[in-house]
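S.K.: Structural data only, the sequence is not supplied:
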């Protein structure tokens, strides 16, 4: 029971590492992409891949005013097509699985959100580097010191937490904050 209380206290304290202005900035980036019809690509590995999938699902579905809503978030998680990811990984290396998908699917002005607790995952860094060079808007969600991802992204949502699991927890909390706010903003549109 004590471990559970300690974990809950740690989680509450970790929430203080979330910078509301960084979250608000990402909400603005997403709303702008929706308005302009730009695609939003989300990438991550392991637990961050699960966050990318969850973020994609919530942003694409939960923000709709109706099933006929013509203005939508054009969001794609590049973690979810396992045959595609494994083909790139097997034939060309795991470091290229997201960059190569972006080369096939993206255009200048699209948004790429890289999620990496360490901020140093090579396939995330490579994809963000390609996106920057191709005129896309890049966002890094990171933990620890932020790593390369924090430094190279146009926008950053960083939680200074030196634990993979807790950084991933905070990223999911941030995702849910974003969904609550974007859903409200969409609902308030006339």
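M.R.: That came through, no problem. Everything numeric in this text was worked out from a predicted model, so none of it was measured.

S.K.: isn't there a helix covering residue 141?
M.R.: No: with DSSP: H, G, I helix; E, B strand; the rest coil as the criterion, residue 141 is assigned strand and is not in a helix.

S.K.: and it, what does it touch?
M.R.: 48, 51, 113, 114, 115, 116, 149, 156, 157, 158, 171, 174 (CB atoms under 8 Å, 6 or more residues apart in numbering). For every residue, glycine as well, the C-beta is placed using N, CA and C.

S.K.: could you redo the last one with a cut-off of 10 Å?
M.R.: Going by CB atoms under 10 Å, 6 or more residues apart in numbering, residue 141 touches 22, 26, 42, 44, 48, 51-52, 55, 113-117, 119, 124, 149-150, 153, 155-159, 167-168, 170-171, 174-175.

S.K.: Are any of those residues buried, and if so which?
M.R.: Burial by neighbour count, 16 or more other CB atoms under 10 Å: within the contacts of residue 141 this picks out 22, 26, 42, 44, 48, 51-52, 55, 113-117, 119, 124, 149-150, 153, 155-159, 167-168, 170-171, 174-175.

S.K.: ok, and the closest residue to residue 131 other than its chain neighbours, which helix or strand is that part of?
M.R.: Nearest residue to residue 131 in three dimensions, chain neighbours excluded: residue 112, at 4.2 Å (CB to CB, 6 or more residues apart in numbering). Using DSSP states H and E, residue 112 falls within strand 111-116.

S.K.: tell me how far that strand is from the chain's mean position?
M.R.: Relative to the chain's own centre, strand 111-116 is displaced by 4 Å; criterion: CA atoms, centre = their mean, to the nearest Å.

S.K.: my read is residue 138 is in a strand, agree?
M.R.: Yes: counting by three-state DSSP, residue 138 is part of a strand.

S.K.: Pull out the buried residues from the helix or strand that residue 186 is a member of.
M.R.: Taking DSSP H and E as the criterion, residue 186 maps to helix 164-187. Under the neighbour-count criterion of 16+ other CB under 10 Å, helix 164-187 has 166-175, 177-179, 181-183, 186 buried.

S.K.: okay, the angle between that helix and strand 111-116?
M.R.: Helix 164-187 runs at 160 degrees relative to strand 111-116, counting by axes from the mean of the first three to the mean of the last three CA atoms, to 10 degrees.
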